[in-house]
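A.B. asks: Got a predicted structure plus its sequence, pasted below:
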Amino acid sequence: ISWKCEEQSNNKTIMNCGKILITIVGSLGACGWIIVILAGLFTVLLFPITIWFCLKIVQEYERAVIFRLGRITDRKPKGPGIFFVLPCTDSFVKVDLRTISFDIPPQEILTKDSVTVSVDGVVYFRVSDPIASVANVSNADFSTRLLAQTTLRNVLGTKNLAEVLSDREGIAHSMQSNLDEATDNWGIKVERVEIKDVKLPVQLQRAMAAEAEAAREARAKVIAAEGEMNASRALKEASLVIAESPSALQLRYLQTLNTIAAEKNSTIIFPLPMDVISHFMRK
């Protein structure tokens with residue numbers, strides 16, 4: 001940086017280079033840079049041995065956050081592949097970028113209409129900013145798990161029992177939005193939240209079953225009454241048709257007799273119409 005500054009004749013460029021030099025030196029301090037230089041010399045002098053301590057490897061799904069004398073060396077994590085660290089002065093933390101899932105333990109929740117239910121779920125999240133997940137929170141995974149439990153209780157506490165049972169998708173979306181907003185400073189991206197099971201008290205289950213059974217019986221009675229009404233209307237229309245033609249009644253009698261005879265009964269009782277009997281009574 002000093003060599004570049006000497007070659008530039010512009011005063012503004014010289015001032016900018018000076019600011020960069022002060023920033024770099026001030027990040028670790030004079031003592032820190034002395035320690036780093038000594039560690040570098042030590043590494044060069046004992047190169048065949050220290051090479052095994054300097055080269056590190058991270059997988060494709062991992063990133064490394066490097067600390068040099070307690071400070072993050074770069075605002076960008078290292079990896080994947082091979083990277084170089086100075087022994088004694090550098091340390092690094094591996095961060096897994098794969099999606100992680102965990103179960104929310106069953107939570108006893110009092111709904112808005114004062115019903116106690118037990119609800120559990122599952123959360124899928126991943127690390128979107130490795131540096132923030134290391135520097136801004138002590139344990140990003142554990143903190144996200146605790147926050148998911150609290151968010152589940154807070155969201156379901158504002159819902160009625162009917163909404164909890166029917167609107168699971170809306171509850172999951174609301175939880176995802178709240179979790180994603182809260183964990184943004186931790187470098188965590190919440191991808192999906194699902195409600196797994198809603199357990200009701202045994203007494204409430206019996207009451208709901210009795211209510212559902214009563215509702216089904218009421219619907220069955222209404223359907224039976226409607227059927228009787230439709231049948232009576234059909235019989236009324238049929239009687240009007242038969243009344244218009246007396247011979248139609250005789251044909252109906254014959255059809256009924258044919259139906260009874262097909263069942264192979266030993267005794268058949270068949271009623272005769274009064275108008276037929278009255279014809280013989282006149283004689």
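C.D. replies: Looks like it came in fine.
A.B. asks: pLDDT-wise, which helix or strand of this protein ranks last?
C.D. replies: When the helices and strands of the chain are compared on mean pLDDT, DSSP states H and E, helix 2-7 comes out lowest with a mean of 37.
A.B. asks: For the helix or strand hosting Gln203, enumerate the helices and strands it packs against.
C.D. replies: Under the criterion DSSP states H and E, the helix or strand holding Gln203 is helix 202-244. Counting by 3 or more Cβ pairs under 8 Å, 6 or more residues apart in numbering; DSSP states H and E, the packing neighbours recorded for helix 202-244 are helix 246-261. C-beta here means a position set from N, CA and C on the backbone, and glycine is covered the same way.
A.B. asks: In this structure Arg98 contacts Phe125, no?
C.D. replies: No - with contact taken as Cβ atoms under 8 Å, Arg98 and Phe125 are classed as non-touching, separated by 10.5 Å.
A.B. asks: okay, these two: which has more neighbours?
C.D. replies: Just comparing Arg98 and Phe125: by other Cβ atoms under 10 Å the higher neighbour count belongs to Phe125, 25 against 10.
A.B. asks: Quick check: chain neighbours aside, which residue is closest to that one?
C.D. replies: Spatially, and ignoring its direct neighbours in sequence, Phe125 is nearest to Val190 (4.7 Å; Cβ to Cβ, 6 or more residues apart in numbering).
A.B. asks: Next, that neighbour: secondary structure please.
C.D. replies: With DSSP: H, G, I helix; E, B strand; the rest coil as the basis, the three-state label of Val190 is strand.
A.B. asks: what's around Phe92, how many residues?
C.D. replies: Neighbour number of Phe92 under other Cβ under 10 Å is 20.
A.B. asks: Distance of it relative to Ala39?
C.D. replies: When Cβ to Cβ, to the nearest Å is applied, the distance between Phe92 and Ala39 equals 15 Å.
A.B. asks: repeat for Phe47
C.D. replies: Taken as Cβ to Cβ, the spacing of Phe47 relative to Ala39 amounts to 13 Å.
A.B. asks: And these two? Which one has more around it.
C.D. replies: Neighbours per residue (other Cβ under 10 Å) separate Phe47 from Ala39, with Ala39 holding more: 18 against 10.
A.B. asks: ok, that one - contacts?
C.D. replies: For Ala39, the contacting residues are Leu86, Pro87, Cys88, Thr89, taking Cβ atoms under 8 Å, 6 or more residues apart in numbering as the criterion.
A.B. asks: thought the last one was touching Arg68?
C.D. replies: What it means is Thr89. Yes - using Cβ under 8 Å, Thr89 and Arg68 qualify as a contacting pair, with a distance of 5.8 Å.
A.B. asks: Quickly list what's touching both of the two.
C.D. replies: Applying Cβ under 8 Å, 6+ apart, one finds that Thr89 and Arg68 are jointly contacted by Val36.
A.B. asks: Quick one: mean pLDDT for stretch 225-238?
C.D. replies: Computed over stretch 225-238, the mean pLDDT rounds to 87.
A.B. asks: Identify the residues contacting it?
C.D. replies: Residues external to stretch 225-238 that are found in contact with it (Cβ under 8 Å, 6+ apart): none.
A.B. asks: Please apply the same query to stretch 41-49.
C.D. replies: Contacts to stretch 41-49, defined as Cβ under 8 Å, 6+ apart, come from residues Thr50, Cys54, Leu86, Pro87, Cys88.
A.B. asks: could you redo the last one with a cut-off of 7 Å?
C.D. replies: Contacting residues not belonging to stretch 41-49 are listed as Thr50, Cys54, Leu86, Pro87 [Cβ atoms under 7 Å, 6 or more residues apart in numbering].
A.B. asks: thinking Asn185 is in contact with Asn136, fair?
C.D. replies: Yes - in this structure, Asn185 is within contact of Asn136 by Cβ atoms under 7 Å, at 5.7 Å.
A.B. asks: Now do the buried residues in stretch 207-227.
C.D. replies: Of the residues in stretch 207-227, none has enough neighbours to count as buried (16 or more other Cβ atoms under 10 Å).
A.B. asks: To clarify, my last question referred to stretch 75-87.
C.D. replies: Applying a neighbour-count criterion of 16+ other Cβ under 10 Å, one finds Pro77, Lys78, Gly79, Phe83, Val85, Leu86, Pro87 buried in stretch 75-87.
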